[in-house]
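S.K.: Could you work out the structure for the sequence below:
(one chain, ligands or ions: 2)
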Amino acid sequence: MSYFPNVDKIKYEGVETKNMYAFRHYNPDELVLGKPMKEHLRFSLAFWHTITEDGSDPFGVGTYQRNWDEKDPIETAKNRVDAFFELLTKLNMEYFCFHDVDIAPQGESLEEFFNNLDIITDYIKEKMEEHNVNLLWNTQNMFSHPRFLNGASTSNNADVYAYSAAQIKKTIDISKKLGGKNVVFWGGREGYETLLNTDMSLELDNMAKMFKMAVDYANSINHDIQFLIEPKPKEPMTHQYDYDAATAMAFLQKYDLTDDFKLNLEGNHATLAGHTFEHELRVARTYNALGSIDANHAEKMLGWDTDEFPTNIYDTTLTMYEILENGGIEPGGINFDAKVRRTSFEMNDLVLAHIAGMDTFARGLKAAAKIKDDKFISNVLDEKYKSFTHGIGQNIVDGKETLESLSEYALNLKEIKLESSHIEHIKSVFNDYLT
Ligand code: XUL
Ligand code: CO
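M.R.: Ligands and ions are numbered 1, 2, ... in the order given. The predicted structure is shown next:
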């Protein structure tokens, strides 16, 4: 049975096309800076938003028209995998992501849940081989069930901590079984409501211990993966421990975890933290910790984690510029952690929304590649920082100066000559690349 019977495999047709079901910018094999677009972009489909989401919001019930549910939960789970792989292959994507609870029914016990996961991951493995697609990352949902009301690895309850460890172990086992490239930890409820009842020091120590156990376990089963932390400042908790890229890096450094963890950064999470997405990417890049991205876009007027499909080429250009300057993000990728709006309730909107996101990223890639090729930003930087390329500036960079030597230099200065940034001109030239 087909879930998208009126949709063929999506092809590149260019901007002139009148076909809604075609890429207008994403041309997978087209070379950009000598590399096919698909290898730069490494697009990934997210199971949760695509399959388990129903369009409900805090004010209303679900609106999405979906037709894969049956009476038997395992049959339903298999139908969902079928629909997911149909969409994945019709969209010409080669990667996907999921939470444990997205793919299999949880049953009555942890043991039953794990058995269900075994059945469904067997089924997914067959589909992966059939269609030649890869698992970008999987993760464990340790935030939806009531047992996680105080968090998972930062819970006050040691049994919840142990339960979380079991879920993480299973995630790593599944990653090995399916040849996963990364394993993600999004904090979920790892944070607090109020400091009046929070032992922050114990909670952070416990969280770090859990991460170390995850690394040790993956090593013990010879599974070579990149672990990723996904920062988010708030929602659901008042304050989440992995607030933003810089906070996550401080945590990783404090607990000596930087060799094993990088960051999975998300557009909407950056907005919630009061940052631009490019700020988060630049911080991660500066710390050599840019691992992967969750591609979405915030409705800035709302201030929630609305997970909209990315359709803003200004943002995707800056995002792709950071990724190009990073030398790519492999083994990470661009995962569409994005959901269709309540008003886009038809099945085929899943196709159209992903085409929109993929085309917007393709445009961002092309613009960023041109910026890089023209050395537009690197020339701006060279000009701005030229005082550090010779004389006293070069000595500072080389670590040859002291407070005494700089003080002597400063006392002999006749004048300090400043230069204008011409920032408005720079922003205007940047606009010329957004075609
Ligand atoms: C939550 C979020 C998650 C993670 C995976 O805001 O982004 O979907 O990406 O748990
Ligand atoms: Co995410």
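S.K.: give me the element I371 is part of.
M.R.: Secondary structure from DSSP states H and E places I371 in helix 348-373.
S.K.: For this protein, what lies in contact range of ligand 2?
M.R.: Residues of the chain lying close to ligand 2 by Cβ under 5 Å from the ion are E266, D294, D337. For the C-beta atoms, the positions are set from N, CA and C on the backbone; glycine is no exception.
S.K.: who wins for most neighbours among these?
M.R.: Of all those, the highest neighbour tally under other Cβ atoms under 10 Å goes to E266, namely 26 neighbours.
S.K.: Which residue, neighbours along the chain excluded, lies closest to that residue?
M.R.: Spatial nearest neighbour of E266, excluding adjacent residues (Cβ to Cβ, 6 or more residues apart in numbering): D294 at 3.7 Å.
S.K.: Can you name the residues that contact that neighbour?
M.R.: Neighbouring residues of D294 by Cβ atoms under 8 Å, 6 or more residues apart in numbering: A46, E230, N264, L265, E266, G267, H269, N335, F336, D337.
S.K.: Go through those residues and say which is closest to E308.
M.R.: G267 (8.9 Å; Cβ to Cβ).
S.K.: Could you say which helix or strand holds A338?
M.R.: Applying DSSP H and E, one finds A338 in no helix or strand.
S.K.: Looking at the stretch 51-200 of the chain, which residue is nearest ligand 1?
M.R.: W186 (3.5 Å; Cβ to the nearest ligand atom).
S.K.: May I have the phi/psi pair for that residue?
M.R.: Main-chain dihedrals, W186, degrees, to the nearest 10: phi -90, psi 140.
S.K.: One more: T311?
M.R.: Dihedral angles of T311 (phi, psi; degrees, to the nearest 10) stand at phi -130, psi 20.
S.K.: Tally up the residues packed near it, please.
M.R.: Neighbours around T311, by other Cβ under 10 Å: 14.
S.K.: wait, what's in contact with it?
M.R.: By Cβ under 8 Å, 6+ apart, the residues touching T311 are H297, A356, G357, T360.
S.K.: so S44 sits in a strand?
M.R.: Yes - judged by DSSP: H, G, I helix; E, B strand; the rest coil, S44 forms part of a strand.
S.K.: Near the residue of the stretch 51-200 of the chain found nearest ligand 2, how many other residues are there?
M.R.: The minimum distance from the stretch 51-200 of the chain to ligand 2, using Cβ to the ion, falls at W186 (5.8 Å). For W186, the tally of surrounding residues (other Cβ under 10 Å) stands at 23.
S.K.: who does it bridge with?
M.R.: In this entry, W186 is beta-bridged to E230, by DSSP bridges.
S.K.: Just confirm it contacts E230, I think it does.
M.R.: Yes - checked against Cβ atoms under 8 Å, the pair W186 and E230 is within contact range at 4.0 Å.
S.K.: hey, what's in contact with both of the two?
M.R.: Residues touching both W186 and E230 (Cβ under 8 Å, 6+ apart) are N264.
S.K.: Any stretches of this protein with poor pLDDT?
M.R.: Applying pLDDT under 70 to the chain picks out no residues at all.
S.K.: can you map out the strands along it?
M.R.: With DSSP state E, the ranges of strands along the chain come out as 11-12, 22-23, 31-32, 35-36, 43-46, 95-99, 134-139, 182-186, 191-192, 226-230, 239-240, 261-266, 290-294, 334-336.
S.K.: Show me what the third one is packed against.
M.R.: In this case it means strand 31-32. Helices and strands touching strand 31-32, by 3 or more Cβ pairs under 8 Å, 6 or more residues apart in numbering; DSSP states H and E, are helix 348-373.
S.K.: give the contact list for S344.
M.R.: L352, A353.
S.K.: actually L135, not the one I wrote
M.R.: The contact partners of L135, taken as Cβ under 8 Å, 6+ apart, are Y95, F96, C97, M128, S175, L178, G179, G180, K181.
S.K.: Also K90?
M.R.: Per Cβ under 8 Å, 6+ apart, neighbours of K90: F4, V7, D8, K9, I10, V351.
S.K.: show me what contacts the third one?
M.R.: Contact partners of D8, counting by Cβ under 8 Å, 6+ apart, are Y21, K90.
S.K.: Tell me the spacing between it and ligand 2.
M.R.: Remark: distance between D8 and ligand 2 (Cβ to the ion, to the nearest Å) = 30 Å.
S.K.: The residue nearest to E266 and ligand 1, how far apart?
M.R.: When distance is defined by Cβ to the nearest ligand atom, to the nearest Å, D294 is 5 Å away from ligand 1.
S.K.: end to end, how far does stretch 148-157 reach?
M.R.: By Cα to Cα, to the nearest Å, the extent of stretch 148-157 from end to end equals 9 Å.
S.K.: Quick one: distance of it to the chain centre.
M.R.: In terms of Cα atoms, centre = their mean, to the nearest Å, the centre of stretch 148-157 is set 24 Å apart from its chain centre.
S.K.: likewise stretch 280-295?
M.R.: 9 Å.
S.K.: Now do the buried residues in that stretch.
M.R.: For stretch 280-295, a neighbour-count test (16 or more other Cβ atoms under 10 Å) marks 280-285, 287, 289-295 as buried.
S.K.: hmm, back to that, could I get the contacts of D294 in CSV, plus columns for distance to A152?
M.R.: Formatted as CSV, those follow (distance: Cβ to Cβ, whole Å):
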residue, distance to A152
A46, 20
E230, 14
N264, 17
L265, 21
E266, 19
G267, 25
H269, 18
N335, 21
F336, 25
D337, 19
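S.K.: What are the structural domain limits within the chain?
M.R.: The chain breaks down into these domains under automatic domain parsing: 31-374, 379-432.
S.K.: Please identify the most buried of those domains.
M.R.: Of all the domains of the chain, domain 31-374 carries the top mean neighbour count, a mean of 19, counting by mean count of other Cβ atoms under 10 Å.
S.K.: Now do the end-to-end distance for it.
M.R.: Domain 31-374 end-to-end distance (Cα to Cα) = 17 Å.
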